[in-house]
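S.K.: coords please:
(2 chains)
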Amino acid sequence: MNVALFIPCYVDQFYPKVAIATLELLEKFGCKVSYPLNQTCCGQPMANSGFEHVANACNTLFVDNFSGYDYIVCPSGSCTLHIKDHLHTDKHSPAEKEIRQRVYELTEFLVDVLQVKHLNAKFPHKVGVHQSCHGQRGLGLSQMTELNAAPFSKPGALLNMVEGLELITLDRPDECCGFGGTFCVAEEAVSAKMGKDRVADHIKHEAEFITAADMSCLMHLEGILKRKKSATKVIHIAEILNAQ
Amino acid sequence: MHTTVNNHADASIVFNNDEERVNWHDKTLWFIREKRDKASHNIDEWEALRNNASQIKNNVLSNLSQYLIEFEEKAKANGVIIHWAADAVEHNKIVHSILQKHGINQMVKSKSMLTEECGLNEYLEHNGVEVIDTDLGERIVQLAGEPPSHIVLPCIHKKKEEIGELFHEHLHTEKGASDPQYLTAAARQHLRETFLTRKAALTGVNFAVAETGEFVVCTNEGNADMGAHLADVHIACMGIEKIIPEQKHLGVFLRLLARSATGQPITTYSSHFKNPQPHQEVHIVLVDNGRSIHLGKEDFRNALKCIRCGACMNTCPVYRRSGGHSYHNAVAGPIGSILTPNMDMKKNADLPFASTLCGSCSNVCPVKIDIHDQLYKWRQVLVKEGYAPATKKVSMNMMGWVLSSPKVYNFAGKSARWVLRNTPFLVNNKLNPWYKERELPEAPKQSFKEWYKANRK
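M.R.: The predicted model follows:
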């Protein structure tokens, strides 16, 4: 199984350990993983700001980098969703459609494609799960509290396989953290307040770590935790699933 | 009149200056969202009901002209006088002319977001007609000289102590009194006297049934009924999208409306108006005001399915922390942000950006409007139409350029990390909105790409 590793730009630059954990995890499960070296970004920062049309060159580059693999796996629900919903170039090539169908967020790839039932991982801590919206409501990684439907959680199922890990419950299990891409600076007041409220919910329930399938939400929450000099830390789910 | 900052981000800064109030506002609305969850989760067929409602509305939007003509015929046969208004100005003139014909200069009005949208109160007051809002929440904001901040809960931004002060000033209640029961009793007394002396009553319309020509008004306070039954002239104003095909469809919408709005199984009053009472005149004003233009926009027409329950506002984490007035329109929150750019792109260009695109709004919507997808699409339209700030255009083009070239991207990334490590003061300052309440991430020496080249290739 040829897997292309798609690493979001900000993870590449600021959180390389998340990318390393993702790579090692996929290798542990026997995937033949390649990392296309010319990759940059999925184009979401422009598109979500209303500038979809300036992302064309970026999208073309993405198609060039990720064509021809069995699967494309990314440790971010948000970037995955963006590719799935919005990867279009002027060329309208069949490769674009193929990529949109073959791109997976890491936890859904582990649960749905690799059908992981057992993990050799240990993380003896109290952990709160932040449900990143694009992964949850966009990709359907977990059930949403708004709907009258049976509960399930792909990240939750994986975390339950980790030895020693204790999941905490939250007052608001799936409220947005307020990152929102350029929203985090364009609407700084509301963004920061949303982040502070999310962090407070985790701290109230004694989380040692806040985890998520999206590092962007965690980067925002980490910024708030550090400013508060809080003992609670953030950690990407790939790092927990890869923890020995 | 209440002054508002006409930009969501700026208005939100003002709202967030009082963090305690933001917490209170957020919790109050979250409480209603939770009530909505309980009410909807108690109904096994809830998601099927939403689907049905959405499909019925699809049918309405695809056959709107036909249903409107059918409704007009049936309503006329019932003895109702029908008026058509192309826009807000025409709507206001029609209402005024009806009042003039009867020599009426005082009117009671139950809740109607359409009349807020049209600025009817200001128009009538300017023309010497006194309007008293009879919905308690609306009466409160009217006394305060403010617009409603929520379509279902117009004064949700006001604490009971503030309402006590307003009532002391206007209704002469005891100073410092804030007991809700006492204040409500005072409001009731005040409104009863008003109801008995007014000759004209205006109501909104929740649903208009094409099959029968009847219309349904939903309230919890019975104020629409009190006004309409006592007045000689009943004027009902409705947007043309309020039509439903048949009476039986009310069974779908009435089950969804109150549960979505407040978590109640049904509103206290769901009043059906069909034939005028003897010696009473009933008028219906059907208003377009941009709706048929909206209907022609394929990506956005679904927004016209809205039944004005307010669930998207209650669930919206941004609305709860910025308040209804920050949306500077009669309809605030996520639904307002996709309805109002159709009316005025320039004035409302900020609103589709007042969202993280979390998608909770679309999940609670009882008629399944794709609200967050429309927010994304409005952003594209607004930028293409030239409503993006020049600075944003420059930075986005720059970003597009950097991210389309691996070499430039690698260099830019390395440089940014170098700056963060060696000269952090360049970014950790007041000019950086991120830094105001958040630390920046630590910058590693090596990017993943650099690590990969060293360790795997």
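
S.K.: domains of chain A?
M.R.: Following automatic domain parsing, one finds the domains of chain A at A:2-113, A:126-241.

S.K.: helix, strand, or coil at the residue at the greatest distance from the centre of chain A?
M.R.: Of all residues in chain A, A:Lys91 has its C-alpha farthest from the mean position, at 28.5 Å, by C-alpha atoms, centre = their mean. Look at A:Lys91: counting by DSSP: H, G, I helix; E, B strand; the rest coil, its state is coil.

S.K.: for it, give its distance to chain B.
M.R.: 14 Å (C-beta to the nearest C-beta, to the nearest Å). C-beta coordinates here come from the backbone N, C-alpha and C atoms, glycine included.

S.K.: just to revisit the earlier point, got a markdown table for the domains of chain A, with distance to B:Glu19 and mean pLDDT too?
M.R.: Output for the domains of chain A, formatted as a markdown table (distance: least, C-beta to C-beta, whole Å; pLDDT from 0 to 100):
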| stretch | distance to B:Glu19 | mean pLDDT |
| --- | --- | --- |
| domain A:2-113 | 27 | 96 |
| domain A:126-241 | 7 | 98 |
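
S.K.: and the helices in chain A?
M.R.: A:9-14, A:16-28, A:44-48, A:56-66, A:77-86, A:94-102, A:106-108, A:133, A:154-159, A:183-186, A:188-204, A:215-227, A:237-241 (DSSP state H).

S.K.: adding distance to chain B, write those out as JSON lines.
M.R.: Formatted as JSON lines, those follow (distance: least, C-beta to the nearest C-beta, whole Å):
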{"stretch": "helix A:9-14", "distance to chain B": "4"}
{"stretch": "helix A:16-28", "distance to chain B": "4"}
{"stretch": "helix A:44-48", "distance to chain B": "5"}
{"stretch": "helix A:56-66", "distance to chain B": "3"}
{"stretch": "helix A:77-86", "distance to chain B": "9"}
{"stretch": "helix A:94-102", "distance to chain B": "16"}
{"stretch": "helix A:106-108", "distance to chain B": "14"}
{"stretch": "helix A:133", "distance to chain B": "4"}
{"stretch": "helix A:154-159", "distance to chain B": "17"}
{"stretch": "helix A:183-186", "distance to chain B": "4"}
{"stretch": "helix A:188-204", "distance to chain B": "4"}
{"stretch": "helix A:215-227", "distance to chain B": "3"}
{"stretch": "helix A:237-241", "distance to chain B": "12"}
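
S.K.: B:Gly324 is nearest to which of the ones you listed?
M.R.: Taking C-beta to C-beta, helix A:188-204 is the member of the helices of chain A nearest to B:Gly324, at 13.6 Å.

S.K.: ok, A:Leu228 touching A:Ala200?
M.R.: For the record, residue A:228 is Lys, not Leu. No: counting by C-beta atoms under 8 Å, A:Lys228 does not reach A:Ala200; the two are 9.5 Å apart.

S.K.: if we can go back for a sec, just put the domains of chain A in CSV and tack on distance to B:Ala86.
M.R.: Formatted as CSV, those follow (distance: least, C-beta to C-beta, whole Å):
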stretch, distance to B:Ala86
domain A:2-113, 31
domain A:126-241, 36
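
S.K.: show me what contacts the spatially most central residue of chain B?
M.R.: In chain B, the centroid-proximal residue (C-alpha atoms, centre = their mean) is B:Val331; its distance is 2.9 Å. With contacts defined as C-beta atoms under 8 Å, 6 or more residues apart in numbering or on different chains, B:Val331 is in contact with B:Met113, B:Glu117, B:Ile151, B:Arg308, B:Leu339, B:Thr340.

S.K.: now with 7 Å, please.
M.R.: B:Met113, B:Ile151, B:Leu339, B:Thr340 (C-beta atoms under 7 Å, 6 or more residues apart in numbering or on different chains).

S.K.: and the stretch 201-350 of chain B, which residues reach chain A?
M.R.: B:Thr315, B:Pro317, B:Val318, B:Arg321, B:Ser322 (C-beta under 7 Å from any C-beta of the partner chain).

S.K.: so which of these sit within helices?
M.R.: Those of these lying in helices (DSSP H): B:Thr315, B:Pro317, B:Val318.

S.K.: give me the neighbour count for B:Ser271.
M.R.: Other residues lying near B:Ser271 total 17 when counted by other C-beta atoms under 10 Å in any protein chain shown.

S.K.: excluding chain neighbours, what is closest to B:Ser112?
M.R.: Sequence neighbours aside, B:Gly204 is the residue nearest to B:Ser112 in space, at 3.2 Å (criterion: C-beta to C-beta, 6 or more residues apart in numbering or on different chains).

S.K.: no no, A:Gly135
M.R.: Nearest one to A:Gly135, counting by C-beta to C-beta, 6+ apart, is A:Gly77 at 2.2 Å.

S.K.: contacts only, for the one you found.
M.R.: A:Glu105, A:Ser132, A:His134, A:Gly135, A:Gly138, A:Leu139, A:Leu141, A:Ala213, A:Asp214.

S.K.: redo that, cut-off 10 Å
M.R.: For A:Gly77, the contact set (C-beta atoms under 10 Å, 6 or more residues apart in numbering or on different chains) comprises A:105-108, A:131-141, A:155, A:212-214, A:216-217.
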